[in-house]
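>>> Structure for the following, please:
(2 chains)
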Amino acid sequence: GAVVSQHPSWVICKSGTSVKIECRSLDFQATTMFWYRQFPKQSLMLMATSNEGSKATYEQGVEKDKFLINHASLTLSTLTVTSAHPEDSSFYICSARRQGLAFVGTEAFFGQGTRLTVV
Amino acid sequence: AQKITQTQPGMFVQEKEAVTLDCTYDTSDPSYGLFWYKQPSSGEMIFLIYQGSYDQQNATEGRYSLNFQKARKSANLVISASQLGDSAMYFCAMREGYPYSSASKIIFGSGTRLSIRP
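Here you go, the predicted model:
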C-alpha cells in the first residue's frame, strides 16, 4: 500500500526556535497534503490544506505566519512551526491525497505523526 | 457547529463481545464520504472502513461493518467479536463533496476511546 513518511517522529525544541516537519509520499504523487494537529486525548483538527505549487489554505483560527507550509514538489510538504512556544506542543499529523484518484476509502494516507515538545 | 459528533468519550467492552461506536454527521452536500479510523497509543491513523453517500449497501471489512442510516445521518461502526488489540481511540470522519473534487478535505469527530476487558 501507499506510504506516507513523516519526519521527525518526535522533536524537542527550545522556546523561540523554529521546527520543520517533513511529510513525504514515498511511492505516489500527492497533489494535496493536509496538516492536522492533535492535543492529548482530543481529535485531529485540520490546520491547513497544502497544494503543490500554490499557497496553502489555512483553516479559520490557524496563524499563517506561525505555521508555514510549503508544498514544493508532488512528494514533499513541510510544516515549519516558527518561534515555537510551549503551547505549540502537540502531535502533528500529515495526510496525503494521491494524484488523480477519488478521495475515498484508503485514498487518504496518513503519516505516523510528529510529537513536538517545546520547552 | 459540529459536523461530526461522537457522543461516547469512552467505552468498556468484554472481549469477544460486539461493540457499536456511534457517529452522527451533519452536511447539506448530497455527495460525501464517511470514514472510520483507529488510533492506537502509537499515534498512527489506521483506516478501517469507508461508506460513500451513494453506496446502496452498508460497508463491511472483516470484523468491521458500518451501519449507515442516511435519513438519520448516522454512521455507526460495529466491531464483531472484539479482541484485546481493538483497544484504541476510534475516530469517525467525513469528506464533503464529490470524491474527485480538489477541494475535498476530511474532518474528524472527537473520538471514542474503546477499552476491551479480558
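
>>> Within the helices and strands, which one has residue 77?
Using chain A. strand A:76-81 (DSSP states H and E).

>>> could you do chain B instead?
strand B:74-79.

>>> Tell me the residues on chain B that lie near chain A, please.
Contact residues, chain B versus chain A (Cβ under 8 Å from any Cβ of the partner chain): B:33, B:35, B:42-45, B:47, B:50, B:52, B:91, B:95, B:99-102, B:104-111, B:113. In short, each C-beta sits where N, CA and C put it, glycine included.

>>> coming back round to it: now for the strand holding B:Leu77, which elements pack on it?
Helices and strands touching strand B:74-79, by 3 or more Cβ pairs under 8 Å, 6 or more residues apart in numbering or on different chains; DSSP states H and E, are strand B:19-21, strand B:24-25, strand B:32-39, strand B:46-52, strand B:64-69, strand B:88-96.

>>> Can you name every helix or strand that the longest one contacts?
Counting by 3+ Cβ pairs under 8 Å, 6+ apart, the packing neighbours recorded for strand B:88-96 are strand B:4-5, strand B:32-39, strand B:74-79, strand B:106-108, strand B:112-117.

>>> what does chain A have sitting close to chain B?
Checking chain A against chain B by Cβ under 8 Å from any Cβ, the hits are A:31-32, A:34, A:36, A:41-46, A:49, A:51, A:91, A:93, A:95, A:97, A:102-106, A:108, A:110, A:112-113, A:115.

>>> hmm, which of the residues you listed are the buried ones?
A:31-32, A:34, A:36, A:43-46, A:49, A:51, A:91, A:93, A:95, A:97, A:102-105, A:108, A:110, A:112-113 (16 or more other Cβ atoms under 10 Å in any protein chain shown).
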